[in-house]
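>>> only geometry, no sequence info:
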């Protein structure tokens, strides 16, 4: 995941520094404002810790071992701004002492692993954990999911940074100057590795360390969990559940709206999306439409709004909008159903479980 | 520092591969290292590497003599110049220059080449291999391997150029960074970064973090050694192992917290009020001015030479 020098153009590296440098400045400022003298020793020790956490090998369920980054657990315990500095320093050590990650690419690596990862992970953690007590299973699950989401967000950012290189920078004859793979290749490759092995390592570390701290050393979590009760019994007053299935659904739909521009970034269309006759056969080096494609294309034609239009082909714009609304409604209904189910199961387990103090 | 480091090193017997006694009785087959061995050998490797770097940085050589500020700025200038090159020949030339510099700085060439190539460029070579084929990098097919509906497919000129460009660029960049870090003691490098305008709070954090990496590493090594000493059976117990890893990371988290509080109190007791002063000052020598001129000339030669070869 650490990008070495030579994979990104100097222009891309400069752009990453433009984002990273002000973030470091704000982070230093934010952390300094809280306690004037304590920040240096605290951040130094946790930067050292972050560096060492990247060395811990964790056995993954598939039989291999992998190491985690630890940015999300630091963000959960100390706050995302402190995590920015701690992980940046750890990355600097790796770049300068071990050549793991480049010097010009340091800005890009810091952007992915020390800025995006703790902030996205922390956001997911807050969203899922809500106001549940410190030792609840929900909070531990929230930490694990936050770690998983955080590392995958960082991987996506890395894939995008590398994937834009061949289109932007190539020689006159078309040979890419830097990382040669396009977005359509880097994103699946990074996703495959991080949705499985690296994501599992991060989820195990984040969830496991959080569970350990909440159980044995809750004072370490005090900075970011001020009003959170330790156990269900300590809750000050029963509040309305913050993460209702309805809110979950709204959140997912909002997330999808935010992700819509990805479709514009992706080059070209899906292979043979509309009709096999539209394929540019010569460009693909084909002489005819592949037999299987011709046979199974149109295999399922019993659709309500074929090609996002009415069957009589009238009112194309209206039909397109209607298709979009129906699609969103169906996805929202499915998410709502799943969240309701999860909530039921969680409530059932909470009732069935004996109180532990 | 080095003697303190030495005492905290993981003992060699812990790091040796175990001879497995397989059911076939053939013996001698090595077991796949467990998470314990991997973590322990990772920690020991880290210490060995850092100690060795400090050793080399103390030797008298060409680059060791130069001002660290100059070296840091030169590194960035040369990295950008190398980053902008479009021709493999220019990159190969620049790489040859790094070898000359390594020799002039009393680094063993064999060690330098191994240190540079073993990790990143070899990995890069494997990663860019598929990009030489026409399925990833379309273009002029120079070595057809198979045909796809009449069109020849195989290595393309563009793909091979890309692979050569990426690998040589990565190798040259890594060489430049390794040259700086192997010839500059860590403390002087930090002082140089401060002199170049990196805010003091960052320098303090980086410097202290470097110090505490070794202290915390000692704690980690002890935890893992104790675990290894208690481990009797050879089977895998992933669940228990995961519990152990997360609990030790959590325990380390707690210890780091205590440590930072103690260090903070000790600092305040000694008069720390939120800003630090340093004693070290740098002086630019005539040799540094000459070196600056050489670096500038090299950067111009790399970029200009590349422009002359055509875009």
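Nice, I can see it. What you see is a predicted model; the values in this text were computed from it and never measured. Numbers count the residues shown, from 1 in each chain, chains lettered A, B, ... in the order given.

>>> any weak-confidence spans in chain B?
Low-confidence segments of chain B (pLDDT under 70): B:1-34, B:43, B:47-52, B:233-236, B:274-282.

>>> where along it do the strands fall?
Secondary structure of chain B (DSSP state E): strands at B:19-20, B:29-30, B:141-148, B:151-156.

>>> could the ones you listed go into JSON lines alongside distance to residue B:119?
(C-beta placed from N, C-alpha, C; glycine too.) Converted to JSON lines, the strands of chain B look like this (distance: least, Cβ to Cβ, whole Å):
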{"stretch": "strand B:19-20", "distance to residue B:119": "27"}
{"stretch": "strand B:29-30", "distance to residue B:119": "22"}
{"stretch": "strand B:141-148", "distance to residue B:119": "29"}
{"stretch": "strand B:151-156", "distance to residue B:119": "26"}
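
>>> who's in contact with the closest residue to chain A within chain B?
As assessed by Cβ to the nearest Cβ, chain A sits closest to residue B:246 within chain B, at 2.5 Å. Shown here is residue B:246, whose contacts under the criterion Cβ atoms under 8 Å, 6 or more residues apart in numbering or on different chains are A:58, A:204, A:205, A:207, A:208, A:209, A:211, A:212.

>>> do residue B:295 as well
Shown in contact with residue B:295 (Cβ under 8 Å, 6+ apart): B:70, B:74, B:77, B:78.

>>> okay, residue A:334: pLDDT?
Reported pLDDT at residue A:334 in the predicted model: 91.

>>> what about it, how many residues nearby?
If you count neighbours by other Cβ atoms under 10 Å in any protein chain shown, residue A:334 ends up with 12.

>>> element containing it, please.
Residue A:334 is part of helix A:316-352 when elements are defined by DSSP states H and E.

>>> among the contacts of residue B:246, which are in helices?
A:204, A:205, A:207, A:208, A:209, A:211, A:212 (DSSP state H).

>>> intersect those with the contacts of chain B.
Among the ones in helices among the contacts of residue B:246, the ones lying near chain B by Cβ under 8 Å from any Cβ of the partner chain are A:204, A:205, A:207, A:208, A:209, A:211, A:212.

>>> now those in a markdown table, with pLDDT and neighbour count?
Converted to a markdown table, these look like this (pLDDT from 0 to 100; neighbours: other Cβ atoms under 10 Å in any protein chain shown):
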| residue | pLDDT | neighbour count |
| --- | --- | --- |
| A:204 | 89 | 23 |
| A:205 | 88 | 29 |
| A:207 | 91 | 24 |
| A:208 | 89 | 26 |
| A:209 | 88 | 31 |
| A:211 | 90 | 21 |
| A:212 | 88 | 21 |
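
>>> how about the residues of the stretch 251-357 of chain A near chain B?
Listed as neighbours of chain B in the stretch 251-357 of chain A under the rule Cβ under 8 Å from any Cβ: A:285, A:286, A:287, A:288.

>>> hmm, 7 Å instead?
By Cβ under 7 Å from any Cβ of the partner chain, the residues of the stretch 251-357 of chain A that approach chain B are A:285, A:286, A:287.

>>> I'd like to know which of these are buried.
Using 16 or more other Cβ atoms under 10 Å in any protein chain shown as the burial test, those include A:285, A:286 as buried.

>>> could you single out the nearest of the residues of the stretch 251-357 of chain A next to chain B to chain B?
Looking at those and their distance to chain B, the nearest is residue A:285, at 3.5 Å (Cβ to the nearest Cβ).

>>> shouldn't that closest one be in contact with residue B:148?
Yes. Residue A:285 lies in contact with residue B:148 (Cβ atoms under 7 Å); the separation is 4.8 Å.

>>> can you list contacts of stretch A:282-291?
Stretch A:282-291 is contacted by residues A:276, A:279, A:281, B:148, B:149, B:150, B:151 when judged by Cβ atoms under 7 Å, 6 or more residues apart in numbering or on different chains.

>>> now do the SS call for residue A:4.
The three-state assignment at residue A:4 reads coil, by DSSP: H, G, I helix; E, B strand; the rest coil.

>>> against chain B, how distant is it?
Distance check for residue A:4 against chain B: by Cβ to the nearest Cβ, to the nearest Å, it reads 5 Å.

>>> for the residue nearest to the spatial centre of chain B, what are its contacts?
For chain B, the residue nearest the mean C-alpha position is residue B:178 (7.3 Å; Cα atoms, centre = their mean). By Cβ under 7 Å, 6+ apart, the contact set of residue B:178 is A:99, B:115, B:116.

>>> ok, of these, which one's closest to residue B:96?
Using Cβ to Cβ, residue B:116 comes nearest to residue B:96 of the contacts of residue B:178, at 12.9 Å.

>>> show me the contacts for that closest one.
Contact partners of residue B:116, counting by Cβ under 7 Å, 6+ apart, are B:171, B:174, B:175, B:178.

>>> residue contacts, the closest residue to the third one other than its chain neighbours?
When you say that, I think you mean residue B:175. Closest residue to residue B:175 apart from its sequence neighbours, by Cβ to Cβ, 6 or more residues apart in numbering or on different chains: residue B:98 at 3.9 Å. The contact partners of residue B:98, taken as Cβ under 7 Å, 6+ apart, are B:172, B:175, B:176, B:179.

>>> possible to save the residues you listed as CSV with neighbour count?
Shown next, in CSV, are the contacts of residue B:98 (neighbours: other Cβ atoms under 10 Å in any protein chain shown):
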residue, neighbour count
B:172, 28
B:175, 25
B:176, 25
B:179, 23
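
>>> so who does the residue lying farthest from the centre of chain B touch?
The centre of chain B is farthest from one residue, residue B:150, which by Cα atoms, centre = their mean lies 46.9 Å away. Applying Cβ under 7 Å, 6+ apart, we find residue B:150 in contact with residue A:287.
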